[in-house]
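# sequence plus predicted model, see below.
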Amino acid sequence: QRLLEAAPTQPYHFEFHMRRSRIINAYAATGGQIVILSGLISAMHSPEELEGVMAHEIQHVLNRHSLQELARDRILHIVGRAAFEYTRVSAGMGQNLLSLKFSRREESEADRKGIELLDAAELDPTGLLHFFERLRQPSNALAGFLSTHPLDDRRISDIELLLTKLQGHPIKSLDVDWKEFSRRS
């Protein structure tokens, strides 16, 4: 609720859903639907990490990344078919590379605006950084998250730089028994 209250005025009615799954991931769908898989919560070490991912996903909705992705995929499909009519493999590879480029830009935007949202909501903005630092360590369990959320050293250093530029609102931690919450999720 604090994240949504700190968000700019927008037309969305946000709904958050948790789905049971061992997969470590969360995603934002069009219209304000955000789905968090229970595997993601199990992989987190604190409520601040979950707040960071939620702020990131909220920003995907606010910046209409899902709608842009749908439109982009459709355009890339049409252009790819026309340009590579006889070589479908090349067309598919070209589409994937272009989509990855957009995806990285959108992920970076969601990181930046998500951290700003956390700061405005007076929540600890370092949780996203801590979660990504742990993701940097190779693990098969994290492969699903990494396939949709590209992670590299530059992304982490960009987040560290963002954190130094915040206005520094006072942090008002949530009163959450994290062990109990994550056990029940």
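Alright, I've got the coordinates. Because the structure is a prediction, the values reported are computed rather than measured.
# confidence score at the closest residue to residue 124 other than its chain neighbours?
Spatial nearest neighbour of residue 124, chain neighbours left out: residue 48 (4.4 Å); criterion: CB to CB, 6 or more residues apart in numbering. In short, each C-beta sits where N, CA and C put it, glycine included. Residue 48 is assigned 95 on the pLDDT scale.
# how about residue 140?
In this model, residue 140 is scored at 46, pLDDT.
# mind starting the numbering at 779 from now?
Renumbered: residue one is now 779, and that last one reads residue 918.
# picking up where we left off before, quick one: contacts for the residue nearest to residue 902?
Contacts for residue 826 (CB atoms under 8 Å, 6 or more residues apart in numbering) come out as 901, 902, 904, 905, 908, 951.
# got the contact list for the second one?
Under the criterion of CB under 8 Å, 6+ apart, the contact list for residue 902 reads 826, 829, 896, 949, 951.
# which of these are buried, as a ChimeraX select command?
In ChimeraX, a selection of the buried entries from these looks like this (16 or more other CB atoms under 10 Å):
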select :826,829,896
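# between the contacts of residue 902, which is nearest residue 804?
residue 829 (12.0 Å; CB to CB).
# got the contact list for the closest one?
With CB under 8 Å, 6+ apart, residue 829 has these contacts: 781, 896, 901, 902, 905, 952.
# now do residue 883
With CB under 8 Å, 6+ apart, residue 883 has no contacts at all.
# check the secondary structure at it for me.
Secondary structure, DSSP: H, G, I helix; E, B strand; the rest coil: residue 883 is helix.
# against residue 894, how distant is it?
To residue 894, residue 883 is 17 Å away according to CB to CB, to the nearest Å.
# thinking again about what came up before, narrow the contacts of residue 826 to those in strands?
With strands defined by DSSP state E, no entry of the contacts of residue 826 lies inside them.
# taking those together, which two end up most distant?
Farthest pair in those (CB to CB) is 908 and 951. Separation: 14.4 Å.
# quick check: which ranges of the chain have low pLDDT?
Scanning the chain for pLDDT under 70 picks out 843-880, 915-930.
# where exactly do the helices run in this structure?
All helices of the chain, identified by DSSP state H, fall at 780-784, 816-821, 825-840, 843-861, 866-898, 905-913, 921-926, 931-942, 956-962.
# re the thing from before, what is the nearest of the contacts of residue 902 to residue 941?
Using CB to CB, those come closest to residue 941 at residue 896, 9.9 Å.
# wait, doesn't that closest one sit right on residue 889?
No: here residue 896 lies out of contact with residue 889, judged by CB atoms under 8 Å, at a distance of 10.7 Å.
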